[in-house]
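*Asks:* Based on what follows, work out the 3D shape:
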Amino acid sequence: MITVITGAANGLGRALALASHERGEDVLAIDLDAQSLETLPTKWIALDLTSADAAARIASESPISRIIHSAGISGTGPFESIPAEHHARILALNLEAPVAITCALLRAQAMAPGATHAFVGSLSTYTGYPGAVSYAASKDGLASFAASLRKSLPDGDHAACIFPGPMATNHAARYAPDNSEKTVAARQSTEEAAALILKGLDARKAVIVPGGKARLMATVCKLAPGLAGRLLKKALYEKLTEPRL
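*Replies:* Numbering: from 1, shown residues only. Modelled structure (predicted):
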């Protein structure tokens, strides 16, 4: 049986692919970046997840025991400063592609009995994300999709949503306004996050918030969303004077 991981060339997706491989799983890593994929010790496919044939291509790799939708992009800065086509691209990759792929897998009966559909969301679900509005919309949609899907899957199948905190990734460095040594050092390693995520998936958790800092952030956001929003606006939005795509 196969474990499929999207966005596996870099960051959290790569850490999940390596950790799953080390556990003895038959991993299929998917990303656009073929050059990075070919350094993985797993089977891989260079694939644009937003292409018309992507869902069918993945569905052909049955039986799939677990799929983790980790691929994602962002765009930070004042909402109106980001081109409309980039907002559309964020929604297409982060939300529409996982929905289309899930539909194709279920229609093709490509999932093994008791399989898991896992989706990497964002802590923005708990409070909003000023400075990354369309990214937050895509991740909030993904969280709602996972929660609703869970109630409609065949008996024994599972769906989970993952809400990681800030991680030491190229993705974070690309979109964040602050990449000082102190800030980067405070970010969670992808290896730690991947280990906690796989542990949560093994336990069939519906919601996975990997790590103490991420759980603390989620708690603050849930209990004091107004305060969390103001802090995020000050720490992120007010520092993003130019769009980062």
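*Asks:* what about stretch 217-236, how long is it end to end?
*Replies:* End-to-end distance of stretch 217-236 (Cα to Cα, to the nearest Å): 15 Å.
*Asks:* whoops, stretch 150-163 was the one
*Replies:* OK, stretch 150-163 end separation, Cα to Cα: 16 Å.
*Asks:* got the buried residues for it?
*Replies:* Neighbour counts over stretch 150-163 (16 or more other Cβ atoms under 10 Å) mark 153, 157-163 as buried. Using the backbone N, CA and C atoms, a C-beta is placed for each residue, glycine as well.
*Asks:* Which ones among those map onto strands?
*Replies:* In strands, judged by DSSP state E, the following of these are found: 158-162.
*Asks:* Could I get the full set of strands for the chain?
*Replies:* Using DSSP E, strands in the chain cover 2-6, 26-31, 43-46, 64-69, 111-120, 158-162, 207-208.
*Asks:* For these, could you give me a markdown table that also reports mean pLDDT and distance to residue 57?
*Replies:* Shown next, in a markdown table, are the strands of the chain (pLDDT from 0 to 100; distance: least, Cβ to Cβ, whole Å):
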| stretch | mean pLDDT | distance to residue 57 |
| --- | --- | --- |
| strand 2-6 | 98 | 11 |
| strand 26-31 | 98 | 9 |
| strand 43-46 | 97 | 7 |
| strand 64-69 | 98 | 12 |
| strand 111-120 | 98 | 15 |
| strand 158-162 | 98 | 22 |
| strand 207-208 | 98 | 27 |
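*Asks:* Same list, the ones you listed, but as JSON lines with distance to residue 87 please.
*Replies:* Formatted as JSON lines, the strands of the chain follow (distance: least, Cβ to Cβ, whole Å):
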{"stretch": "strand 2-6", "distance to residue 87": "21"}
{"stretch": "strand 26-31", "distance to residue 87": "22"}
{"stretch": "strand 43-46", "distance to residue 87": "25"}
{"stretch": "strand 64-69", "distance to residue 87": "20"}
{"stretch": "strand 111-120", "distance to residue 87": "20"}
{"stretch": "strand 158-162", "distance to residue 87": "22"}
{"stretch": "strand 207-208", "distance to residue 87": "27"}
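*Asks:* do you know which of those strands lies nearest residue 100?
*Replies:* Closest to residue 100 of these is strand 64-69 (Cβ to Cβ; 11.0 Å).
*Asks:* now that closest one, how far from the centre of its chain.
*Replies:* Distance of strand 64-69 from its chain centroid, counting by Cα atoms, centre = their mean, to the nearest Å, is 13 Å.
*Asks:* Stretch 101-115 too?
*Replies:* 19 Å.
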